[in-house]
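A.B. asks: Any chance you could fold what I've pasted below:
(one chain, ligands or ions: 2)
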Amino acid sequence: MKDYLDLLQDILENGTEKADRTGTGTISVFGRQLRFDLSQGFPLLTTKKLHVRSIIHELLWFLSGDTNIRYLQENKVTIWDEWADEHGDLGPVYGSQWRAWPSPDGRYIDQISQVLQQIKNNPDSRRHLVVAWNPAEVDRMALPPCHYAFQFYVAHGKLSCLFNMRSVDTFLGLPFNLASYALLTHMLAQQCDLSVGELIWTGGDVHLYLNHVEQAKLQLTRAPYQLPTLTIKRQPSSIFDYKFEDFVIEGYVSHPGIKAPISV
Ligand SMILES: Nc1nc(=O)c2c([nH]1)NC[C@@H]1CN(c3ccc(C(=O)N[C@@H](CCC(=O)O)C(=O)O)cc3)CN21
Ligand SMILES: O=c1ccn([C@H]2C[C@H](O)[C@@H](COP(=O)(O)O)O2)c(=O)[nH]1
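C.D. replies: Ligands and ions are numbered 1, 2, ... in the order given. Okay, here's the model as predicted:
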């Protein structure tokens with residue numbers, strides 16, 4: 001995860017200070033990429049302790065197609081609380097677009113099932129794509145998708161994933177997003193009898209909120225530890241049957257957590 005620290009340094013050195021929607025203010029760079037070889041370890045940040053439980057539950061919640069925070073609250077995950085309405089609803093966010101993209105003829109498209117079938121049946125396809133940015137529904141979402149599209153690629157029996165983010169909260173959001181897509185790639189690879197290849201992240205507006213600068217500098221004083229590994233304890237019969245208990249992160253040694261306020 002040295003490259004993540006280099007990205008923080010890059011923003012601090014080359015970033016432009018800008019106002020932002022939340023009123024906090026950021027320094028940002030535009031257009032960056034990070035790559036991780038998933039066979040060399042699970043890309044979980046080691047220079048601060050990450051709440052893996054929240055990351056796993058959030059991904060299972062996306063995959064279930066749910067867009068109400070009830071499931072997250074039942075599992076003591078609070079990361080979406082600030083954006084939900086009084087009923088806990090977020091509008092047609094990730095889960096809805098991934099599993100039930102409404103088509104003009106009244107059908108609902110399950111992009112996750114489709115991409116899984118495509119990877120299994122036609123691995124060389126260049127169309128293994130899932131898109132969360134639905135222009136017809138963005139206005140009704142509590143927050144327009146930040147990770148708006150992802151693509152898979154199969155070569156040498158390995159599954160690689162490239163995901164795109166239009167807007168990146170580099171201190172709080174990005175570490176979660178990297179671990180989440182790494183997890184998703186492991187799950188899809190298992191379902192397709194493939195091993196894992198690379199995880200590639202591409203960011204558009206890559207920013208550090210001004211009230212995260214000190215925390216970022218603290219992180220830059222810390223040396224990364226070796227990456228942990230992910231083991232999935234059983235092979236569920238479907239991508240939608242994974243349970244929280246199926247995932248074991250082993251060897252996660254990290255520096256202590258660093259508190260930072262979230263901009264809403
Ligand atoms: N400004 C902003 N940044 C984000 O990363 C973000 C949003 N908004 N809105 C929607 C989701 C929610 N996400 C979040 C929200 C909160 C944390 C957070 O507070 N993380 C803390 C504690 C984690 C926990 O309680 O599990 C951390 O130290 O990582 C992380 C990601 C990612 N997204
Ligand atoms: O998964 C996520 C979700 C959100 N973010 C961050 C990126 C921005 O800081 C905000 C969204 O604000 P916009 O004004 O809509 O860009 O949330 C993230 O990093 N990861």
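A.B. asks: The nearest residue to Asp37 once chain neighbours are set aside in helix, strand or coil?
C.D. replies: Excluding the flanking residues, the one nearest Asp37 by CB to CB, 6 or more residues apart in numbering is Glu198, at 5.8 Å. Bear in mind the C-beta positions are built from the backbone N, C-alpha and C, glycine included. Judged by DSSP: H, G, I helix; E, B strand; the rest coil, the three-state class of Glu198 is strand.
A.B. asks: Hmm, Gly91 and Arg140 touching each other?
C.D. replies: Yes - in this structure Arg140 lies within contact range of Gly91 using CB atoms under 8 Å: 4.4 Å.
A.B. asks: Tell me which of these two has more neighbours.
C.D. replies: In terms of neighbours (other CB atoms under 10 Å), Gly91 is the more surrounded of Arg140 and Gly91; the figures are 17 against 12.
A.B. asks: on that earlier part again, now the residue nearest to Asp37: how far from Ile55?
C.D. replies: 19 Å (CB to CB, to the nearest Å).
A.B. asks: Same drill for these two, tell me which one is more crowded.
C.D. replies: Taking other CB under 10 Å, Glu198 and Ile55 do not tie; Ile55 has more neighbours (23 against 18).
A.B. asks: ok, the residue of the stretch 1-150 of the chain found nearest ligand 2 to Leu45 distance?
C.D. replies: As assessed by CB to the nearest ligand atom, ligand 2 sits closest to Cys146 within the stretch 1-150 of the chain, at 3.6 Å. Between Cys146 and Leu45 the computed distance is 18 Å (CB to CB).
A.B. asks: most centrally placed residue in the protein?
C.D. replies: Most central in the chain under CA atoms, centre = their mean is Asn177, positioned 2.5 Å from the mean C-alpha point.
A.B. asks: mind listing what it touches?
C.D. replies: By CB atoms under 8 Å, 6 or more residues apart in numbering, the contact list for Asn177 reads Cys146, His147, Phe163, Met165, Val168, Trp201.
A.B. asks: thinking again about what came up before, just give the number of residues close to the residue of the stretch 1-150 of the chain closest to ligand 2.
C.D. replies: Neighbour number of Cys146 under other CB under 10 Å is 20.
A.B. asks: Return the residues of the stretch 151-264 of the chain in contact with ligand 2.
C.D. replies: Counting by CB under 6 Å from any ligand atom, the stretch 151-264 of the chain comes close to ligand 2 at Ser167, Val168, Asp169, Gly173, Leu174, Asn177.
A.B. asks: Nearest to ligand 1 among those?
C.D. replies: Nearest member of those to ligand 1, counting by CB to the nearest ligand atom, is Gly173, at 2.4 Å.
A.B. asks: Now do the same contact list for that closest one.
C.D. replies: Listed by CB under 8 Å, 6+ apart, the contact partners of Gly173 are Cys146.
A.B. asks: same thing with Leu172?
C.D. replies: Applying CB under 8 Å, 6+ apart, we find Leu172 in contact with His212, Ala260, Ile262.
A.B. asks: what's the nearest residue to the first one if we skip its chain neighbours?
C.D. replies: It refers to His212. Phe171 (4.0 Å).
A.B. asks: Pretty sure that neighbour sits against Tyr209.
C.D. replies: Yes - counting by CB under 8 Å, Phe171 touches Tyr209, with 6.9 Å between them.
A.B. asks: hey, what's in contact with both of these two?
C.D. replies: Counting by CB under 8 Å, 6+ apart, the contacts common to Phe171 and Tyr209 are Ala260.
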